[in-house]
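Trainee: turn this into a model:
(2 chains)
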Amino acid sequence: MKCPLRIVPAVLFFTLLLWAPSAGAQDVSLRGFVRDAASGQALTGANVALQGLPGPARGAATDADGFYLIGGVAPGRYALRVSYVGYLPYTDTLALSGERTPVQVNAELEPAAQELEKVTVAAESGAAKLEAGRQRIRPADLKRIPTPGPGGDLTMYLQTLPGVVSAGDRGGQLFVRGGTPSQNLVLLDGTLVYQPFHIVGFFSAFPQDLISEVDFYAGGFPAEYAGRISSVLDVSTRAGNYRRFEGSASLGPFLTGVSVEGPVREGLSFLASVRTSVIERTAPTVVGEDLPLKFGDQFIKVQSSSDTGGCSVAGLHTYDRGKIDLESDDVFRWQNYVVAGRCLAFSPGSPLIAELKAGVSYYENEAGSIDESLGGVDDLRTASTWRLNTDGDLSYQMGDLNWSWGFRVRAGRVSYQLQELFQGAGTAEEDLTIRGGMHGGVTWTPGDRLTLAPSLAFTKPEGLPVSLEPRLRALWRPWGTGAHQLSAAAGLYRQTLVGLTDERDAGSAFTAWQFAPDERQPEALHGLLGWRSAVGGGLDLSAEGYYKRLTDLLVPTWDTNARFTTALGPATGTSYGFDARVELNRAPFYGYLGYGYSWTEYALEQEVFSEIFGDAVQTYHPQHDRRHQLNAVGSVDLGAWQASVRWEYGSGLPYTAPLGFDAAFDLRTLPDVRTELGDLRFLFEQPFNERLPAYHRLDVSAERTFDFAAADVTLEAGAINLYNRANLFYFDLFTLSRVDQLPLVPYLSLQISIP
Amino acid sequence: MLSPRSHIRGWPAAGCALLLAGAALAAVGGCGDTSFEVFGEEEVSFSVYGYLDAAASQQAVRVDPLQDRLVPTEAESLNVRVTSENLETGATVEWRDEVVSVGLAETPVHNFTTAAAIEPGATYRFTVESQGDGVTARAEVALPPAFPEPAVVDEPDLRDAPGDEPPTRIFVRGVEQIGGVQAVYDYVSCIEDACIQQQRVFPHLADTTRTGPESWTIEIDWDADIPVNPVATLASFDGFRVRIASVSEDWPEEAGPIPGPNDPPLPQPPGGGESNVEGGLGFLGGAYVRAFDVPISQ
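Mentor: Okay, the predicted model is just below:
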């Protein structure tokens, strides 16, 4: 029997993981859920502190489920304090013995006085609290970014982070630290969402009201995440209210929506939201120009909750359609369907915690030009993909070690009709492809100063060789507290399903998903090193450098023929840079300044280069290589009043400067120049050899909440691009038309909430 | 009933400060110049394409300025003097500018023409000189010698059963290098009762085999060329004309298979690819093109 040597380390690794928990330990684990006593909902980011009587203190923060775990606690007496801003703390005294572990303590926190009700600042989140590429994002963070709401949105927040580049305010494409949008893994309660960002770049399928917590990894993510090579956006949505019914309706110039939530029965709640855009109708008044863009989403979640876990099923549908360039006839349309199921469970006497996730993701998109004479869409390119995922994860706390391992099974299918957009990849409906994998890792925290978390992902895609992807995350706290921390991460990442986009065209939002060709799985090697300090007085500083080495990318080749079709060629890439962030969080004021430097270069191998340049490999900076980024955010939150301002600056993105256009002939066909036009050519010296002008924009908002007896009414006024700068989106070289981003957009929005 | 929270009194000063700061930024940032020069600096001004045909009575060469639009709607004015000089005799001929509309979009282009004789075996200097700024583009073109009319066997015979037609074979002598072979068909094809007169042109350089230093065999599978629509039937076959180009050594080298009539053009590298036009883009070849009719039996 053939046994490839490369899987031997993986077999040993996973055997070790299975064996390890059987070892005995005297230390105690403390775990439980922290919930809102009024609604029964999980409190995300609550602080759980365990103070020895006498002895050292230990602590943890609750996750999106409101779950906390403190392991490696020596037997003894402890004072437990669970706190969350805006709530009365929960306190208890515990006598922990090594004979009974884990110990479970659930806490329900009562809301505090009314004036603190809206202040929900969580200690673990914040732009400067970067930890080896990972940032934890909470709803309160989104609220500070002016968004033509009502309410904040995840995509607007992400765009304030160094290293996250948006192609423009239309199209919904985000590039993270040199990666491309199709290299980002976006999860909704553990299930993939292919394109959650709406065609208007201020909105996504993740508005502030639906989010419980987001883990955003700009790189260096652990082995539990597989299948993408750039970044991870792991979104956990919140549960509905378990105790009473609530609802809200909102109206703004871009979006209108309704959401309802409430109990189904004891321990079971629902949350539903429907939003649809109105900008197509309001744009002539609000923006002063036509914006033929339509988008919307529908979300529903049913969640059960108990003392030993909970299960949820979430459904999401998004829809986007519109013209990104008014001068062009191209129309884009895409939609997602996602069903995400997830269960978290443990038995009272067992240290094992189990998580099971199963879901289905479907995505389709199309692009084509409107041809009135044909009465419809011409040159329609379509692509769709669906994926079924099943994930099982177990974790086990044993002293200083937290072991975790799991399996994943993916089944998927892609189909596309590309009208030769990519030569050689015209039309296909690929058969069902199944791939399985495992991952395992351990988080070792020997004392207060060091945390090491090695992990390994093992994947066997159908028809492709086994992929072993080792990864490591490490934290070092030289003074033993989290106030000052050095973090590092490194890892190998591979991607089986690749998204092909015509990178020549900044205005294209069309992506064709295909399985990676044999032996050409895109691969990335990440290395990160960062430092963060909580200086005191609410001031946090952080800096992080990164390096990514990319191989086996598929990019459009260089060709002067003026046509929308292109061949694809293999490329390698290098991306490096650093982030620097300063954050001041001193209630009621908040300020943030973030700077990002980034450098990305692709090396494309194309035989024709050797004839022209003497070397078949040529390098260039791709379209998303933004060298400098600066973001400044300020807000003041006085309870009923809130005001925010955000200014962003981005240096110019690369573009291909044309030398001119002509028509060429292949003399071997003996052309007759008197009757033939020839092959139109777009002449350039090198692709992406010039840069567009720099981009900057100022957004402001002010919000006032009125408490009526029957409802809360929130009025928000603001403006996007306050000084009406004509920021260039892209230049259509074929039509010589300039496409600008949105001008000054004043807005007024209203939200009525019925508690 | 309205019940604003008690500790809020009026518009917060901090909010005002933020908005004022925004207004100050607006004053600075909004004035920024966002214009930019789209086109890169070009070192060449003209695109020159075509070939001098020593067998033709009329010459035509495409000479266009580099356009700033992909599909210009009107011809850019071109104040140039185009000449050809026989480098052996020194005889110089000035060519005439003709603006014609070509292609489906009727794109206006500049063709330069002359009825002056081009001598086989001679070398010519083709010069485009801008009258305004003196910018020039030039190419030196060597013409091959003339060659005798080829012999043809296996002419099309429509009396044969369909599918039995052998390819037409053409024997060429006196040619050192063949640069192009073209088959031009005139025929009527029908789909059910709907018939249409068609003319199709197919390249057949790939069907050329060298059999000696100056001899070649060309096989043209005319039955595979027409009718091009697989559901159509060939109602009549009225014309089969072949053009064979003997070319000089500097004829463009093969950059890949010649695309068929419905194929996209071959990828071309940045900068415009192989060129023999100094100070310009494109290629001006030298050829002796012999055209002859292949008899059809039916």
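
Trainee: hang on, residue A:727 packs against residue A:695?
Mentor: Yes - contact criterion Cβ atoms under 8 Å: residue A:727 and residue A:695 qualify, at 4.8 Å. C-beta coordinates here come from the backbone N, C-alpha and C atoms, glycine included.

Trainee: name the residues contacting each of the two.
Mentor: Here residue A:727 and residue A:695 share the contacting residues residue A:741, scored by Cβ atoms under 8 Å, 6 or more residues apart in numbering or on different chains.

Trainee: where does pLDDT dip in chain B?
Mentor: Scanning chain B for pLDDT under 70 picks out B:1-33, B:41-43, B:160-163, B:228-229, B:254-272.

Trainee: the stretch 551-700 of chain A too?
Mentor: For the stretch 551-700 of chain A (pLDDT under 70), the answer is A:561-567, A:611-612.

Trainee: strands of that one, start to end?
Mentor: Secondary structure of the stretch 551-700 of chain A (DSSP state E, counting those that start in this stretch): strands located at A:568-586, A:589-605, A:617-620, A:628-638, A:641-650, A:654-655, A:658-664, A:679-684, A:690-691, A:695-707.

Trainee: mind listing what residue 44 touches?
Mentor: Looking at chain A here, since you left the chain open. By Cβ under 8 Å, 6+ apart, residue A:44 lies in contact with A:62, A:63, A:64, A:66, A:122, A:138, A:212, A:213, A:236, A:238.

Trainee: try chain B instead
Mentor: Listed by Cβ under 8 Å, 6+ apart, the contact partners of residue B:44 are A:659, B:66, B:137, B:279, B:280, B:281.

Trainee: again with residue A:549
Mentor: Contact analysis of residue A:549 by Cβ under 8 Å, 6+ apart lists A:524, A:525, A:572, A:573, A:574.

Trainee: beta partners for it?
Mentor: Using DSSP bridges, the bridge partners assigned to residue A:549 are residue A:525, residue A:574.

Trainee: now swap in residue B:47 and tell me
Mentor: On the basis of DSSP bridges, residue B:47 is bridged to residue B:64, residue B:281.

Trainee: spell out which parts of the stretch 101-250 of chain B neighbour chain A.
Mentor: Contacts of the stretch 101-250 of chain B with chain A, taken as Cβ under 8 Å from any Cβ of the partner chain, map to B:102-103, B:105, B:107, B:109, B:111, B:113, B:179-180, B:182, B:203, B:205, B:243, B:245.

Trainee: before we move on, back to that, make CSV out of the contacts of residue A:549 and add distance to residue A:205.
Mentor: Formatted as CSV, the contacts of residue A:549 follow (distance: Cβ to Cβ, whole Å):
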residue, distance to residue A:205
A:524, 26
A:525, 31
A:572, 33
A:573, 29
A:574, 32
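
Trainee: most neighbours among these, please name it.
Mentor: In terms of neighbours by other Cβ atoms under 10 Å in any protein chain shown, those top out with residue A:524 at 25 neighbours.

Trainee: so that one touches residue A:550, yeah?
Mentor: Yes - under the criterion of Cβ under 8 Å, residue A:524 makes contact with residue A:550 at 5.1 Å.

Trainee: list residues touching both of the two?
Mentor: Common neighbours of residue A:524 and residue A:550, counting by Cβ under 8 Å, 6+ apart, are A:179, A:229.

Trainee: helices along the stretch 101-250 of chain B, start to end?
Mentor: For the stretch 101-250 of chain B, the helices defined by DSSP state H, counting those that start in this stretch cover B:222-225.

Trainee: taking it, what residue is nearest to chain A?
Mentor: Taking Cβ to the nearest Cβ, chain A has its nearest neighbour within the stretch 101-250 of chain B at residue B:103, 3.3 Å off.

Trainee: against residue A:680, how distant is that residue?
Mentor: Plainly put, residue B:103 is 9 Å away from residue A:680 if you go by Cβ to Cβ, to the nearest Å.

Trainee: looking at the two, which is more packed in?
Mentor: Neighbours per residue, other Cβ under 10 Å: of residue B:103 and residue A:680, the larger number sits with residue A:680, 21 against 15.

Trainee: which residues does the more buried one bridge with?
Mentor: Judged by DSSP bridges, the bridge partners of residue A:680 are residue A:663.

Trainee: my guess is it contacts residue B:67, does it?
Mentor: No - applying Cβ under 8 Å as the test, residue A:680 and residue B:67 come out as separate, 9.4 Å apart.

Trainee: ok so, going back, turn the residues of the stretch 101-250 of chain B next to chain A into CSV, including distance to residue A:318.
Mentor: Below are those laid out as CSV (distance: Cβ to Cβ, whole Å):
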residue, distance to residue A:318
B:102, 47
B:103, 42
B:105, 39
B:107, 42
B:109, 47
B:111, 53
B:113, 59
B:179, 57
B:180, 54
B:182, 54
B:203, 49
B:205, 53
B:243, 58
B:245, 58
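
Trainee: give the PyMOL command for selecting the buried subset of the residues you listed.
Mentor: Remark: buried members of these, expressed as a PyMOL selection using 16 or more other Cβ atoms under 10 Å in any protein chain shown:
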select buried, chain B and resi 102+107+109+111+113+179+180+182+203+205+243+245
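
Trainee: residues in contact with the most centrally placed residue in chain B?
Mentor: Central residue of chain B (Cα atoms, centre = their mean): residue B:49, 7.3 Å from the mean position. Residues counted as contacts of residue B:49 (Cβ under 8 Å, 6+ apart) are A:663, A:664, A:665, A:667, A:671, A:673, A:678, B:61, B:62, B:282, B:283, B:284.

Trainee: name the member of those with the most neighbours.
Mentor: Counting neighbours by other Cβ under 10 Å, residue B:282 leads the contacts of residue B:49 with 29 neighbours.

Trainee: enumerate every residue touching that one.
Mentor: Listed by Cβ under 8 Å, 6+ apart, the contact partners of residue B:282 are A:662, A:664, B:46, B:47, B:48, B:49, B:62, B:272, B:275.

Trainee: one more time with 7 Å, if that's ok
Mentor: By Cβ atoms under 7 Å, 6 or more residues apart in numbering or on different chains, the contact set of residue B:282 is A:664, B:47, B:48, B:49, B:275.

Trainee: what does stretch A:381-393 contact?
Mentor: Contacts of stretch A:381-393 (Cβ under 7 Å, 6+ apart): A:190-192, A:194, A:224, A:355-368, A:404, A:406-419, A:421, A:510-513.
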